[in-house]
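Enquirer: No letters, just coordinates:
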Ligand code: SF4
Ligand code: SF4
Ligand code: SF4
C-alpha cells in the first residue's frame, strides 16, 4: 500500500516535471531556419554536385580531360571527353557529363583530380519535375554562365544556431 | 475557378505518407524536425495509412523485394496523389547501380509516375522543402516563394 | 401556455419516427444475415424505444435505455461476437428450412395480432389521479424508500451475474 | 390529426409492444445462432418494458412505479446478457460452434 | 494462469491470426517486416522478414576497387557512418600494413564518437516516437543538428561522410571544429539531465520499459547480440575495450552495464553511453597531437597482399566486424560485413514470444535497428 | 415567444454547428501551432498569415479527396459509422450553458444527456473498426471501445459524487450553485468531499481517455496499429472522425468547466459571463494539448488497468467519502 | 572452461587428431572471364595461433566439414559467442570455404574456424542447434553461396526475395 | 398531455440530432461530388485492405477480443449499477436519514465487490505468456 502510494506520488511528480519542462521550452525562441526566406550558409567543404573550375587567368575550364576522375568515380557518373587542339599543350575538355542522379557525393573525383579542375558546388536545394535536369553537361554549364561578380543574396543568411 | 481553389488547397495541404526507406528517410525526418520544419507549409501531417496520405515521399532505395509493396501502397493511396522521389536511389538507383546488379530498382519512375525529383545523396532537408515547393508550383502553376540561389 | 409553431406536427412526426425506428430496428435485428448488423438493429430499436419512453413521460428512462442498451449491452454483444462468432459473420440463408421460417412468421403474426386485439379491446381502467410527478427525483426517493430492498437486490443480482459470467467464461476452456 | 396525436393513446404503445414481442419471437425461432437468439430475446425484454411503461403511464396512479420496474428490467436484461454471452462463449469453446442446430445434434 | 490468458490461450484451432507489421509501418523504422502470429493480443510468433532494403553491399565490394567501396560504408548504417568507414578502413590498413598517423587516429575517434552520439540521439527520438512521445524526438533532432553542423563543416556531408581514407582522414580539423565540439560537449551535459527528467523519470515510460522485453546474457551470447543489447543484459562487452583499436587504449572511459536485460536497461545503457562519449571526446580533444592527417606513401591503387583479415569496431549498435579477403588485386576478393543489427534482430523471434504487441514494439525499438544494416 | 422559439432554435443550431466547425478547424491549428511551440518551431506559417488558412486548405483538400469503400468491407456500416460521430457532440453542446442565458436547451436531464449520447460515439467507433475489415482497425476499435467503457465508469462515479452535492442534473443550476468567489467552485468544495481536487483530476484523466487523446490515444496508436480504427477511411470519411475528435475535446472541457470550475461564473463573484466560460474551457483545452505533446503513450493494458485498478477504486472511495461526509456534516 | 588460448588450441588439436589430414583438391579449370582468386598460401598446421594486430583474430582453425558441429560445441562449452558465419567462393580451386567467427564476451578472444566444401556439392552440417544465432547467418550464406547446411530448420532466402534461386555472391553469378 | 418543457426538449434534441447528422453528412456528400472516382493504379491493389503494403494474410473478421470480453462483462455490471445511483444521488442531500447512508454504503459495497472479485480472479492481469523455452541444445 505504501509502495503504491509512493509510486503514485512519484509518478505524479514525474508527470508534472515533464509538463514543466515542455512548458519551459514553449517560451524559448524557435530554432527554425525559415528556408525560402532565410537560408543557412553552407560550410566551405559542403558537397553539392561537382562543377568545373574556371582558370582565373584564361577564363576557361582548367580540366584537360585526363579522365582520372572518371576512373575514380565509384558510380560511373562522369564522362569526360576532350580534344587536343592545335597549339595547345594539353587537351581541353569538350564534354563533361555528370549523371548526378547516380552520384554518391563521395568526393573521389575531386580528390582524384590533381589539377583541381573540379570542385563541389553549393547547390544544396536542387529539385525538379524532370530527372533529365540532373544529367548535366558541366562544360556547357560553365560555358553558358559568364563569370560574374559575386553578388549578395537578397535574403539575409542565418548562421547555424 | 473551382479547380483553382481546389488545387491551391491541395498544394497547401500535402500530407505525406509515413514511409522511410533508407538514409534519405533520416533527412526526411530532419526536414520535419525543428530546424527545418516542413509544418510551415502544412506538410508535417505524416499519415501512416496510405488512404489518408496525399503524397508519397520515396526516400531511399527500392529493391526488387520491396517494389511490389511500394506499388501496393501507391495503389492504396487515393486520388489526388503525388509522388516525390527523394534521393538518387529513388531517382535512378543511385550509387547502387552497377553492371550486374541484381537487387535495386533503378528509379521509382519505373514503377509509377513521379512528380518531383530531388537529387542528392542524401539531399539536404532544404532540398526536400524545395521539392515540396516545386510540387506546389506544379499544382498551382505559380510559385509563391522566393527562389533561393545558392552561393 | 406558449406553443411552438406547428408543435403538434413536429411532435407527432417525431413520435411516428420513433415508432418507425423501433419497428425498423427490430426487423433489422431479426432479419439481417450479418450478426453485427443485427446488433445495430438492436441499437436502432433501442433508440426508438428510448424515444417512446420519452413520450411516456420518462426522459430519465429514455436516456438510461440508450446508456444501458447501446453503451453496455450492444457493446458487450459485439465483443461476444468478436470472441465467439468469427465464421458466422454471414448467417447463410441456404440451409434454413423454409418450414421454420413459415412457422416463425405465423407464430409472430399470430402473437402480434392477438395481443394487439387484446390491447385495443381490453377494458382498461380510466387513468386515475396521479400521486407523484414521476420525475427522476421521485424515482430516487422510491428507490431509497419503497424499493430499497429491490435496489440492493439488483446490485446483488448483478454482482452474482458477473460472478457467474466470469466463471462460465473461464470454464469453457477446460474442454478440448 | 389523430395520427399526430398518437402518442397520447395507450393503444399505439401496446400495438408497438405487441409487434416487438412478435418480432422477438419470430427471431427466436428463426435465428440459428445463439447470439442472434440473444438479440431477439433482448427485443422481447424491450417489448415487456414498453408495455409496462405504457400501462403505467396511462392506467396507473403512480408513474414512478413503472419507471422503477423498467429500471429493474434493464438491470436484469443486462445481467442476462452477461450470463448468456458467457454461456455462449463457453459452449463455443467446447464445441467450436454456436450454431444452435448443431448443438442440438451434439446433444442427441 | 490468469483468467485472461486462460481465456485467450489458443487451444482451439483458428484462434490465431497473422498480422503484418511493416514494411511500411511507423514502428519498424524503415522497411523491416514482422510477420506476427497473434493469439488475441499476444504474440505467438514474430518472424522478422528482412531483405526489403538489401543493397548488395557485399557484392559491390567485389566489383569496386578498394577505395571505391569506401562510400558504401557510409550507407550501411547511415546513422553511424563513421564507425563503418572506420572498420573498413581499419581492415584494409591492417591488410596492407598502413598505419595512420596519430592525429588522424584521434580525429577518427572524435568523429566516431560524435557520430555515436548523433546516432543514439536519433535512436532516442525514434524510440520515444515508438512509445508515442513526439516532442523528445524533436529535441533530440535539435541536438543532433548541432553535431551534424560540426561534422558537415568538417566533411561536407551530413550523413554519408566518406571522410576516412586508407592511411588517415581526408581533411584536417580546424580550430572552429575544436571550439564547436567543445561547446557541444558543454551544451550536451545539462541536456542529458533534461532528458532524464523529461523522459527517463516519466512514470508512463517506466511502466512501458521496466521489466519489458527481458533478454538474458546467455541469449545474447547464443545469438551474438552485442552493443547496448548485451551490455543491457549485464555483460560488459565492448570492442573498444576487448579489442582496442585506434587510440581507445589511451582514453579513459567506462562501459555502462545494466544487469536487468529489459528495455529500460538498454535505454539507460545508451543514455549513459552518450555521456561516456562526451568524456572520450573531451579527452581526445585534449590529447589531440599535431602532425599530418594522412600517412605518406599510401599507393594510389592499393593491392593488399593475399590473405584475409578482420577488423572489428564498436559501432553505435554493437560489434561491427569487417572481414576482407584479398587476392592481391585492385578489387577485394570478398568483403564480409558482420553487422550488429543483424545479430541483434535475430534474437527477436525468441525474445518477443508471448509478449503483447505494444511491448513487442518497445522491444523492437530498444534493439535500435537500422534496417539497411541488417539487409546490407 | 412562440414565434421566437423556432428562430432561437435555428440560431442556436447554426451557432453551435459553427462553433463546433470553427473550433474543430482552429483547434487543429492551435494544436499544430502549440505542438510546434513546445518543440521550438513555428508550425504552420506559410498558408495565410501565421498559417491561419491552413485548416481551410486542409478542409478543402479533404473535401476534394476521393472517397473509398474497400470492397469486401461491410459497406453499409462503413458508410454509416462516420455519420454517427457528430451527433453526441452536437447534443452535448446543446445542453451546455455557455452563460446564464446562452444555452440552447436548458434541460433538466442535461447531464445524463451528455453521457447517454456519448455511447453512440462508442458504437460508431466500434462499427467503423469492424466494418473496415482491417486487422489494425478491428484491434484498435476493440481497444478504443474497452478503453471508453472503462473510463466511463470512474467518470460516472465522479459525476454521481457531484450529483450528491448538487442534487440536480440541470447544468445551468449546477453552475449557479457555484456562484461567488472561486472557492465556491466545486473543485474547491472541500466541505462536500475533502478529496475534491483529486476528483477533478480523475475526471480530467477520464476525459482525456474518453476523447482518445494522448497519452491514451489508442485510436491513432500509429506506432502499433498504423492509423487505428480509421486506417481504411479516406478523405472526408476520415475528416469527420477528425472533427469529431476535436468536438469531443471541446465538449469534454466544457463539461469539466461546468462541473468543477464554475462554468460561466467569474472567480471573483462579479462580472460573470460567457467570457469566463470560454477562458476556462480553453485553458483546459490547452492543457489537453500540452499533455499530448509531453508524454509518451501508455500500453493499452496499463491504460485499462489504470482505470480498473486505480481510478475506479479511488472514485468509489470518494463516492463513499462524500456520502459519509454529507450525512455527518448535516 | 579454458584459461588461455593455447589450451583452446590444444583442444582443437585433440579434436582434429583422429582425422585424416585435409586433402588438397586440385584446381579445376575455370570458365574464361570469370573472376577468380588465388588464396594465400595456407599455413602448415590446421590450428594456428595468429597475431591479432595483424589479422584481427587470435586463433585460426581449419577442419573438415564434418567437424564443424564438434567445433561449435567446443566453442559453446567454452563460452564463446557466435560472431558470424559466411562463405568465400574459391572458384579456381573448386571449393567453397565456410568461415565461422567467434568472439568471447568476457575475454578478448577471437577464433576463426574454417571448413572447405567442394563447389559441386557444397554441404555441411548446421550449427544452428548449438548457436541459434547461426540460423540466420547460415540462411544468408545459403542464399548467397548456395551452400547447404544439412539439418537446418528453415533454409529459405532471408534477404533475397522469397522465390530467389540465384546465389549472387558466387563468383560465376551473372545478373 | 406532455409538458411544454418536455416538448421543447424533444424538439431541440431532435433538431440537434439532425444537425449532427447533417454535419457529418454534408461534407461527405460534397466530397462525393468533388472527389475523383477512379484511382490510378499500377498493381491493381487499390481495393486491398491496408496492411503495410503487404497482402493481408487471412481475414480480419476472426475471433479476437478475448481479452476485452471480460472487461466488457465487468463493465456491464458496473455501469448498470452506477446508473442506479444517479436517481439516488439526486435526492441524497434532501434530508438527514442515516438509512440513506446505510443503503448507499451497502450498494456501493456490493459494487466494489465486483471489482474485488474480478481483481482476485485475475481479470486485470496481463502476464507475459512465455512458451516453454526452446531447446536449442541437442540433449
Ligand atoms: S576534372 Fe580533373 S581529373 Fe577529371 S578529367 Fe578534368 S583534369 Fe582530369
Ligand atoms: S562525388 Fe563520387 S560519385 Fe559523385 S561524381 Fe564524384 S566520384 Fe562520382
Ligand atoms: S540516395 Fe544516397 S542517401 Fe539516399 S538512400 Fe540512396 S544511398 Fe542513401
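Expert: That came through fine. Because the structure is a prediction, the values reported are computed rather than measured. Ligands and ions are numbered 1, 2, ... in the order given.

Enquirer: Residue G:62: neighbour count?
Expert: Neighbour count of residue G:62, defined by other CB atoms under 10 Å in any protein chain shown: 20. From N, CA and C alone the C-beta is placed, and that goes for glycine too.

Enquirer: I'd assumed residue G:99 was in contact with it.
Expert: No - taking contacts as CB atoms under 8 Å, residue G:62 lies outside contact range of residue G:99: 10.2 Å.

Enquirer: Now the common contact residues for these two.
Expert: Residues touching both residue G:62 and residue G:99 (CB atoms under 8 Å, 6 or more residues apart in numbering or on different chains) are G:113, G:114.

Enquirer: and the residue of the stretch 151-300 of chain F nearest chain G?
Expert: Residue of the stretch 151-300 of chain F nearest chain G, by CB to the nearest CB: residue F:226 (23.3 Å).

Enquirer: Could you check the pLDDT of that residue?
Expert: pLDDT for residue F:226: 72.

Enquirer: ok, it to chain A distance?
Expert: Residue F:226 is 27 Å from chain A, where distance means CB to the nearest CB, to the nearest Å.

Enquirer: Could you tell me how many residues sit around that residue?
Expert: Counted by other CB under 10 Å, the residues lying close to residue F:226 total 30.

Enquirer: Surely it touches residue H:52?
Expert: Yes - with contact defined as CB under 8 Å, residue F:226 counts as touching residue H:52 (7.0 Å).

Enquirer: list residues touching both of those two?
Expert: Contact with both residue F:226 and residue H:52 is made by residues residue E:25, according to CB under 8 Å, 6+ apart.

Enquirer: pLDDT below threshold where in chain D?
Expert: D:1-4, D:6, D:93-108 (pLDDT under 70).

Enquirer: Could I get the full set of helices for it?
Expert: Assigned by DSSP state H, the helices in chain D fall at D:10-30, D:34-59, D:63-95, D:100-107.

Enquirer: again, but for chain G
Expert: With DSSP H as the criterion, chain G has helices spanning G:5-17, G:52-55, G:68-77, G:134-145.

Enquirer: any chance of the ones you listed in TSV, with distance to residue F:312, mean pLDDT and mean neighbour count too?
Expert: Listed next are the helices of chain G as TSV, based on distance: least, CB to CB, whole Å; pLDDT from 0 to 100; neighbours: other CB atoms under 10 Å in any protein chain shown:
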stretch	distance to residue F:312	mean pLDDT	mean neighbour count
helix G:5-17	61	79	16
helix G:52-55	63	82	14
helix G:68-77	51	86	20
helix G:134-145	47	88	25
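
Enquirer: Out of those helices, the one nearest chain H is which?
Expert: helix G:68-77 (8.2 Å).

Enquirer: and residue 45, how many neighbours does it have?
Expert: In the absence of a named chain, chain A is used. Number of residues near residue A:45 (other CB under 10 Å) recorded here: 15.

Enquirer: Please refer instead to chain G.
Expert: Neighbours of residue G:45 under the rule other CB under 10 Å: 13.

Enquirer: Is the nearest residue to residue B:61 once chain neighbours are set aside in a helix, a strand, or coil?
Expert: Leaving aside its sequence neighbours, residue B:61 sits nearest to residue B:89 (CB to CB, 6 or more residues apart in numbering or on different chains; 3.9 Å). For residue B:89, the assignment made with DSSP: H, G, I helix; E, B strand; the rest coil gives helix.

Enquirer: hang on, isn't residue B:89 packed against residue B:63?
Expert: No - between residue B:89 and residue B:63 there is no contact under CB under 8 Å: 9.5 Å.

Enquirer: which neighbours do these two share?
Expert: Both residue B:89 and residue B:63 are contacted by residue B:104, under the criterion CB under 8 Å, 6+ apart.

Enquirer: out of the two, which sits in the more crowded spot?
Expert: Neighbours around residue B:89 and residue B:63, counted as other CB under 10 Å, are more numerous at residue B:89. The numbers are 35 against 29.

Enquirer: State whether residue E:99 is indeed within a strand.
Expert: No - if the criterion is three-state DSSP, then residue E:99 is coil and not within a strand.

Enquirer: ok, now how distant is the nearest residue to residue B:22 once chain neighbours are set aside from chain C?
Expert: Take residue B:22 and drop its neighbours on the chain: the residue closest to it by CB to CB, 6+ apart is residue B:60, 3.2 Å away. For residue B:60, the distance to chain C equals 38 Å [CB to the nearest CB].

Enquirer: now the strands: where do they sit in chain A?
Expert: Taking DSSP state E, the strands of chain A run over residues A:39-40, A:50-52, A:78-83, A:92-99, A:118-120, A:135-137, A:157-158.

Enquirer: Identify whichever of these lies nearest to chain F.
Expert: With CB to the nearest CB as the criterion, chain F lies closest to strand A:157-158 of the strands of chain A, at 13.7 Å.

Enquirer: Can I get the helices of chain D in CSV including distance to residue G:129 and mean neighbour count?
Expert: Output for the helices of chain D, formatted as CSV (distance: least, CB to CB, whole Å; neighbours: other CB atoms under 10 Å in any protein chain shown):
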stretch, distance to residue G:129, mean neighbour count
helix D:10-30, 58, 23
helix D:34-59, 48, 23
helix D:63-95, 37, 23
helix D:100-107, 45, 12
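
Enquirer: Check what pLDDT the closest residue to residue A:79 other than its chain neighbours gets.
Expert: Once flanking residues are discounted, residue A:79 sits nearest to residue A:97: 4.3 Å by CB to CB, 6+ apart. Model confidence at residue A:97, given as pLDDT, is 85.

Enquirer: What is the neighbour count of residue A:97?
Expert: Neighbours of residue A:97 (other CB under 10 Å): 16.

Enquirer: doesn't residue A:137 make contact with it?
Expert: Yes - the criterion here is CB under 8 Å, and residue A:97 meets it with residue A:137 at 5.5 Å.

Enquirer: How about residue B:139, nearest residue that isn't a chain neighbour?
Expert: residue B:11 (4.1 Å).

Enquirer: what does residue E:207 give?
Expert: Counting by CB to CB, 6+ apart, residue F:302 is the residue found nearest to residue E:207 once chain neighbours are left out, at 5.3 Å.

Enquirer: Was I right to think the one you found contacts residue E:206?
Expert: No - if you go by CB under 8 Å, residue F:302 and residue E:206 don't touch, sitting 10.7 Å apart.

Enquirer: if we can go back for a sec, what residues does the residue nearest to residue B:61 make contact with?
Expert: Residue B:89 sits next to B:21, B:22, B:24, B:60, B:61, B:62, B:95, B:96, B:104, B:121 when contact means CB under 8 Å, 6+ apart.

Enquirer: from those, which is closest to residue B:111?
Expert: Nearest to residue B:111 among these, counting by CB to CB, is residue B:62 at 7.4 Å.

Enquirer: What sits closest to the closest one if chain neighbours are left out?
Expert: Excluding the flanking residues, the one nearest residue B:62 by CB to CB, 6+ apart is residue B:105, at 4.6 Å.

Enquirer: got it, and residue G:6?
Expert: Beyond its immediate neighbours in the sequence, the residue positioned closest to residue G:6 (CB to CB, 6+ apart) is residue G:49, lying 7.2 Å away.

Enquirer: burial measure for that neighbour, as a count.
Expert: Look at residue G:49: counted by other CB under 10 Å, it has 14 neighbours.

Enquirer: Dig out what it forms beta bridges with.
Expert: When assigned by DSSP bridges, residue G:49 has beta-bridge partners residue G:59.

Enquirer: need the contact list for it.
Expert: By CB under 8 Å, 6+ apart, the contact set of residue G:49 is G:5, G:6, G:9, G:58, G:59, G:60.

Enquirer: surely the fifth one meets residue G:107?
Expert: Read that as residue G:59. No - under the criterion of CB under 8 Å, residue G:59 makes no contact with residue G:107, lying 11.8 Å away.
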